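here is my input; please provide its structure:
(chains A and B)
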Amino acid sequence: MISLRHITKRFHDGEREVAVLRDLDLDVAAGGFTAVVGPSGSGKSTLLYVAGGLDADFDGEAVVAGKDLRALSTRERAAFRNGSVGFVFQSFNLLPTLPAVENAMLPGLFVPRGSPAPSIGQLRGRALEALDRVGLADKASRLPGRLSGGERQRVAIARALLSRPAVLLADEPTGNLDAVSGEAVIQLFSGMVRDGVTVLVVTHEERVSAAAGRVLHLEDGRLR
Amino acid sequence: MRLRSLVHLASLNLRSDLRGTAVNTVAACVGAAALVFFVALGMGVGQAARLMFPGDARLVEVVPGAVSLGAALGGGALDDAAVARLRELPGVDGAWRRLALRVPIAASRAPEGVRMNWPTGFTVQVPVVGVDAGLVATDLAPGRKFDDPPSGEAIPVLASRRLLEVYNKTIAPAWNLRRLPPGLDLMGLQIPVQVGFSIIPLKTEDRVYDARLALAGLSDRVPLYSLAVPVETVRRLHKEFGKADTGYSSVILEARRPDDVPGIAAAVRRMGFAVDEGERAIAERVGLAITVTAGALALLALLMTGLAALAIAQSLSASVRARTRDIAILQSLGATAGDVRALVLAEAGLVGIAGGILGVGVAWLAARGVDAAALGLLPDFPFRPTTFFLFPAWIFALGVGVSAAAALLGALAPAALAARVDPARAIS
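Numbers count the residues shown, from 1 in each chain, chains lettered A, B, ... in the order given. This next block holds a predicted model:
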């Protein structure tokens, strides 16, 4: 489901060039729950951005959900992010001015041309279903600012689920959560894996990696 | 991104920043209101001026030259031969004769067919001019003829359309006469007159007889304070009273197109005649003054609209910079650069449309206010319009369209800024 070959990602720090990912290889089978652990600054987030088509400026070959990311145009990459992958971030990345249900609806608003687009009413229905799956149907009209950290992350997961993606990419999903909320998120991920979703989580938390079926260590830009 | 999704998200974003949305909407509203107000004012005042000075851009009034070298060199009297030559000038569609009646006609009794409190002993000298039927043919009331009538029948006359207004607003109040009710059909009204009688001592002719004038129509082509009768009637009366006809008072040339008028006027002058530009020149000067003033005010309004666009640009740029992370989040969910650009433009477009609709409403209300104030403050002078504004349907589209266009123009740079957001950099 995820196949990264010889991935090298460099950043420019003034005149200096810094390689964050170095000739990295990664294979994740469909339906697997994989955790990538490593210290801060080891390139975990960058790895997710590359695999999720957010960052196209890298060397190597990345095939995710059957799509060769290097071969995709900007528009096709956006369609890939919309339909094939779902993102969950440490800081939730919800739009603070929109209620939970509107946040969960967002991916449905960017369905690319050529694909069947649901009406706003249908989208709302699907978003409410997704919120129900994460146990937040009763808080659909609340703004993110009026939700706890765990609830916000569950809204973010509901949003990621809306497009029914094949791959879920999570960047430190429990980093800002207490133990109970973190456990709830991990349970949600496990449930998604049972439903056939491929989950790739980058984390430095043991409780997350402990739940994963496979744990990889990222050090000096390479996976071990 | 589908249009309904775009409008949905843009509306949500606008609702989430009510203060910014309100400020931008007010900016767009002020520009649109000023534009619609001044354009409507210009058109309204223009229409009022056209009622007051109904100059026909295709008419040229030819009068005998001030200094004539005689017919041999052209010019001289405006006789039938001169009229024929004038009719042959390039660009001339018709030549209509005018001949001032030199036999005095006076009215000392109220017109028949309309209730008037005619003062006892009140006599009005009636200036009369003979005109060709062709000049006023389109102004004749249905079924009315404009020919010299057989002896004993009423003489058909046309009055200036403006004369009724002047009568109602100045003559009637000054002489304490009854005003003519609006919508009154005056056609066929008969005015008993005395032909040959003058209120000026020693100007009354040796023979005076009773006759009747019958109103056959109203026309802008009749001089304001005259009644027009058939030119043949004037010639007959001149013959009856021994007045020699040396030529016509003037000849009205009708050009095929307004553009032909300058060439015709030059040709007329080369023939030794003069062109009376009195009323037409006034109409043109008034029209020009109104056009220039309205144009300047509309330009000022456009400037205000431009300033509104700048304000919207500045506000949206700040908003885009503040929403960089939000934009990156949208991109992570599948928004393309085009979607992001369209979203910012849609927000501006919605603000522009809302501002435009509000602006048109404000302009309309302001116009009604000015009209109400004018009604209370200005005296009831002739041709005083009931409104100084004209609001044709297209002016509403203009207000909304210009406001939306200005907002979109102001949003171009912020939209481009938003489309350049790098999601990987902004989201981390």
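
and what about A:Gly108, helix, strand or coil?
Each residue gets one of three states, and A:Gly108 gets helix by DSSP: H, G, I helix; E, B strand; the rest coil.

equivalent analysis for A:Val208, please.
Here A:Val208 is helix, with the state taken from three-state DSSP.

all helices of the stretch 251-400 of chain B, in order?
Using DSSP state H, counting those that start in this stretch, the helices of the stretch 251-400 of chain B run over B:261-270, B:278-322, B:324-332, B:337-377, B:393-419.

figure out which of those is closest to B:Leu177.
Nearest to B:Leu177 among these is helix B:337-377; the distance by CB to CB comes to 23.8 Å. The way it works is simple: take the backbone N, C-alpha and C, and place the C-beta from them, glycine included.

does that closest one come close to chain A?
Yes - part of helix B:337-377 sits near chain A under the criterion CB under 8 Å from any CB of the partner chain, namely B:Ala337, B:Gly338, B:Asp339.

please pick the buried ones from those.
Using 16 or more other CB atoms under 10 Å in any protein chain shown as the burial test, those include B:Ala337, B:Asp339 as buried.

quick one: list the elements packing against the helix or strand encompassing A:Arg159.
If you go by DSSP states H and E, A:Arg159 is part of helix A:149-162. Judged by 3 or more CB pairs under 8 Å, 6 or more residues apart in numbering or on different chains; DSSP states H and E, helix A:149-162 is in contact with strand A:85-88, helix A:100-109, helix A:120-133, helix A:179-194.

name the residues that touch that helix?
Residues external to helix A:149-162 that are found in contact with it (CB atoms under 8 Å, 6 or more residues apart in numbering or on different chains): A:86-89, A:92-94, A:100, A:103-108, A:126-127, A:130-131, A:133-136, A:139, A:144, A:147, A:168, A:173-174, A:176-178, A:180-182, A:184-185, A:188, A:192, B:333.

where's that helix relative to the chain centroid, distance-wise?
11 Å (CA atoms, centre = their mean, to the nearest Å).

pull out the CA atoms of that helix and give them to me as PDB.
In PDB, the C-alpha atoms belonging to helix A:149-162 read as follows (Å, rounded to 0.1, in the frame of the first residue of the first chain):
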ATOM      1  CA  GLY A 149      -8.000  18.100  23.200                       C
ATOM      2  CA  GLY A 150      -9.200  14.500  22.900                       C
ATOM      3  CA  GLU A 151     -12.500  15.600  21.300                       C
ATOM      4  CA  ARG A 152     -10.700  17.800  18.900                       C
ATOM      5  CA  GLN A 153      -8.500  14.900  17.800                       C
ATOM      6  CA  ARG A 154     -11.500  12.700  17.400                       C
ATOM      7  CA  VAL A 155     -13.100  15.400  15.100                       C
ATOM      8  CA  ALA A 156      -9.800  15.400  13.100                       C
ATOM      9  CA  ILE A 157     -10.100  11.600  12.800                       C
ATOM     10  CA  ALA A 158     -13.700  11.900  11.700                       C
ATOM     11  CA  ARG A 159     -12.600  14.400   9.100                       C
ATOM     12  CA  ALA A 160      -9.900  12.100   7.900                       C
ATOM     13  CA  LEU A 161     -12.500   9.300   7.700                       C
ATOM     14  CA  LEU A 162     -15.000  11.200   5.600                       C
END
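
pull up the pairing partners for the helix or strand following that helix, direction included.
Using DSSP H and E, the next helix or strand after helix A:149-162 towards the C-terminus is strand A:167-171. Strand A:167-171 has its sheet partners listed here by DSSP bridges as strand A:85-88 (parallel), strand A:198-203 (parallel).

ok, back up a step: nearest to A:Tyr49, of the helices of the stretch 251-400 of chain B?
Going by CB to CB, the one of the helices of the stretch 251-400 of chain B nearest A:Tyr49 is helix B:324-332, 9.0 Å.

any figure for the gap between B:Pro150 and B:Arg236?
B:Pro150 is 11 Å from B:Arg236, where distance means CB to CB, to the nearest Å.

could you redo the strands paired with strand A:167-171 as JSON lines and give each row distance to B:Thr387, mean pLDDT and mean neighbour count?
Putting the strands paired with strand A:167-171 into JSON lines (distance: least, CB to CB, whole Å; pLDDT from 0 to 100; neighbours: other CB atoms under 10 Å in any protein chain shown) gives the following:
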{"stretch": "strand A:85-88", "distance to B:Thr387": "61", "mean pLDDT": "92", "mean neighbour count": "26"}
{"stretch": "strand A:198-203", "distance to B:Thr387": "71", "mean pLDDT": "92", "mean neighbour count": "25"}
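
B:Asn176: which of those is closest?
Using CB to CB, the strands paired with strand A:167-171 put strand A:85-88 closest to B:Asn176, at 89.6 Å.

keeping just the C-alphas, turn the closest one into CSV.
Output of strand A:85-88 as CSV, limited to C-alpha atoms (Å, rounded to 0.1, in the frame of the first residue of the first chain):
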residue,chain,number,x,y,z
VAL,A,85,-5.2,9.5,2.3
GLY,A,86,-6.4,11.0,5.5
PHE,A,87,-4.2,13.1,7.8
VAL,A,88,-4.3,13.4,11.5
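
grab the nearest non-local neighbour of the residue in the stretch 51-200 of chain B that chain A sits nearest to.
At 53.2 Å from chain A, B:Leu51 is the closest residue in the stretch 51-200 of chain B, using CB to the nearest CB. With sequence-adjacent residues excluded and distances taken as CB to CB, 6 or more residues apart in numbering or on different chains, B:Leu51 is closest to B:Phe383, at 5.2 Å.

list the contacts of that neighbour.
Contacts of B:Phe383 (CB under 8 Å, 6+ apart): B:Ala48, B:Leu51, B:Met52, B:Arg162, B:Glu165, B:Lys169.
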